[in-house]
Structure formats: C-alpha cells, structure tokens
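Asker: Can you look at this prediction? I've put the sequence above it.
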Amino acid sequence: MRLLSNMFTTCATACFVLAFFASRASAYFMITEPHRETQWVNGATNAINWKKGVLDGIAGFDVELARMSVDGLTLVARNVPEKPPSLNIVLQDVPAGDDYFLIFINSTHGVMYATSPRFAILASGGSASGTVSPDPSVPTVTVSGSPHPTMQFATTFPVLESNAGISRWGTGDEFAGRVGGLLAVIVAVVGGAVWTVGW
C-alpha cells in the first residue's frame with residue numbers, strides 16, 4: 001500500500017505543477033518588431049508587431065516610446081486593440097538615437113505587459129536596414145518631436161468594451177474551466193495527503 005500511496009502523491013504533485021504551468025502558458029506578451037537590428041527612419045512609416053497569449057485577459061494596451069539616455073516618454077497610442085497584432089508609426093522630427101525601446105503598458109493601472117529590445121531611429125532621409133515593411137491594412141499613428149511632460153497620446157483608440165467583462169480568470173467557459181481545473185488539483189492534493197496520513 002505504501003507504494004500506491006507514494007505513486008498517488010507523486011501524481012497529485014505532477015498534476016499541480018502541470019496546472020500551474022498551463023495557466024502561465026496563456027499569459028505571454030512579446031514585441032516581435034522592432035527588434036535589436038531594427039532601424040526606424042524619420043518621415044517613413046515603421047511597423048510594430050506583437051504576439052500574445054489568447055487567454056491573458058488583455059484586450060488592449062497603451063504604447064509608449066522611451067530612450068535609455070533621455071528622461072521622459074513619448075506617448076504613442078492609447079487603447080490599442082490586441083488585434084490586428086500590428087500598428088504603423090510615422091515619425092516626424094523625433095531625435096535620432098540608437099537607444100530607443102517601446103513599452104506596452106496599461107497606463108491607468110501602471111501594469112507593464114512588454115518591452116521591446118533597443119532599436120535605432122535615424123534622421124530623415126536615412127537608409128534603414130533590418131526593418132519589416134509596414135502593413136497598409138492596420139492603423140497608422142503619427143508621432144512628432146521629443147518627449148514633453150504635458151504631451152498627450154498621439155492617438156487614442158475607442159474604449160474597448162470587451163475590457164469591462166474580462167477578469168484575471170477569463171470569461172464564461174474560460175472561468176469554468178479554470179475553476180474546475182483548480183478544484184481538481186485541490187482534491188488531488190488533499191486526497192493524496194489523506195491517503196498518505198491514513199496509510
């Protein structure tokens with residue numbers, strides 16, 4: 001019986017660990033463009049692309065542009081919808097530099113979802129390399145000048161209705177599935193403990 005008890009405890013632990021990792025697998029957010037070799041050019045249309053988890057509860061976010069060597073943020077777009085997973089940016093008179101990065105954030109709550117690798121912005125007329133072509137079917141935002149403390153977002157998308165009904169646990173069937181999985185793990189752990197103590 002001791003062998004059966006140990007096997008049950010091991011299985012319960014494995015179920016708990018797998019349930020934990022399965023819940024985290026749906027919560028990733030990566031900026032795929034710009035990347036380290038990307039060069040954006042002033043006066044040109046530049047692409048932002050991302051990949052994210054389906055069940056992460058993030059229907060929209062804000063995009064901000066920052067530099068490592070200069071204080072301040074350039075507020076690019078507010079309430080950017082998760083789909084399509086790209087956005088175009090036209091730069092006008094943004095100072096050239098090789099230390100820019102993007103921040104995807106919920107600026108209302110201060111929750112940061114993702115940051116891009118460092119990339120370069122070239123002066124107008126420069127020749128870019130390592131840059132993905134923009135998608136003409138997605139929205140385009142125009143950003144101009146240096147960061148300024150009173151500057152507003154360059155573009156604000158409409159409020160996303162779907163954000164109101166999404167909780168950390170998802171909606172509808174997602175919620176039921178997650179609660180059911182959590183209850184199964186709890187029952188397995190408690191059952192394993194009772195079985196171990198009882199034998």
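Answerer: Structure received. Numbering: from 1, shown residues only.

Asker: Okay, helices next: where are they in the protein?
Answerer: Secondary structure of the chain (DSSP state H): helices located at 2-25, 173-198.

Asker: Lowest average pLDDT across the ones you listed?
Answerer: Among the helices of the chain, helix 2-25 has the lowest mean pLDDT, at a mean of 61.

Asker: Residue 119 versus the residue nearest the centre of the chain, what's the distance?
Answerer: The centroid of the chain falls nearest to residue 29 when counting by C-alpha atoms, centre = their mean (3.2 Å). Going from residue 29 to residue 119 by C-beta to C-beta, to the nearest Å gives 18 Å. For the C-beta atoms, the positions are set from N, CA and C on the backbone; glycine is no exception.

Asker: what do you get for residue 72?
Answerer: Residue 72 is 18 Å from residue 119, where distance means C-beta to C-beta.

Asker: So for these two, which sits in the more crowded spot?
Answerer: Legend: neighbour count by other C-beta atoms under 10 Å for residue 72 and residue 119, higher for residue 119 (22 against 13).

Asker: got a pLDDT number for the more buried one?
Answerer: At residue 119, pLDDT is 95.

Asker: List the contacts of it.
Answerer: 34, 35, 36, 37, 38, 39, 40, 98, 100, 101 (C-beta atoms under 8 Å, 6 or more residues apart in numbering).

Asker: So what's the residue count around the last one?
Answerer: Residue 101: 16 surrounding residues under other C-beta under 10 Å.

Asker: Test of understanding: give the bridge partners of it.
Answerer: With DSSP bridges applied, residue 101 shows beta-bridge pairing to residue 66.

Asker: how much space between it and residue 78?
Answerer: Distance from residue 101 to residue 78, by C-beta to C-beta: 19 Å.

Asker: picking up where we left off before, among the contacts of residue 119, which lie within strands?
Answerer: By the criterion of DSSP state E, membership of the contacts of residue 119 in strands covers 39, 40, 98, 100, 101.

Asker: Test my guess that the second one contacts residue 92.
Answerer: No: between residue 40 and residue 92 there is no contact, the gap being 11.8 Å when judged by C-beta atoms under 8 Å.

Asker: Can you pick out the residue with more neighbours from the two?
Answerer: Neighbour count, other C-beta under 10 Å: between residue 40 and residue 92, residue 40 has more, with 24 against 11.

Asker: residue contacts, the nearest residue to that one once chain neighbours are set aside?
Answerer: Nearest residue to residue 40, sequence neighbours excluded (C-beta to C-beta, 6 or more residues apart in numbering): residue 46, at 4.1 Å. Going by C-beta under 8 Å, 6+ apart, residue 46 touches 34, 40, 88, 89, 90, 91, 131, 134.

Asker: quick one: contacts for the fifth one?
Answerer: The one in question is residue 90. Counted by C-beta under 8 Å, 6+ apart, residue 90 has contacts 43, 44, 45, 46, 140, 141, 142, 143.

Asker: which one of these sits closest to residue 189?
Answerer: residue 141 (48.8 Å; C-beta to C-beta).

Asker: hey, what's residue 74 bridged with?
Answerer: Going by DSSP bridges, residue 74 forms beta bridges with residue 65.
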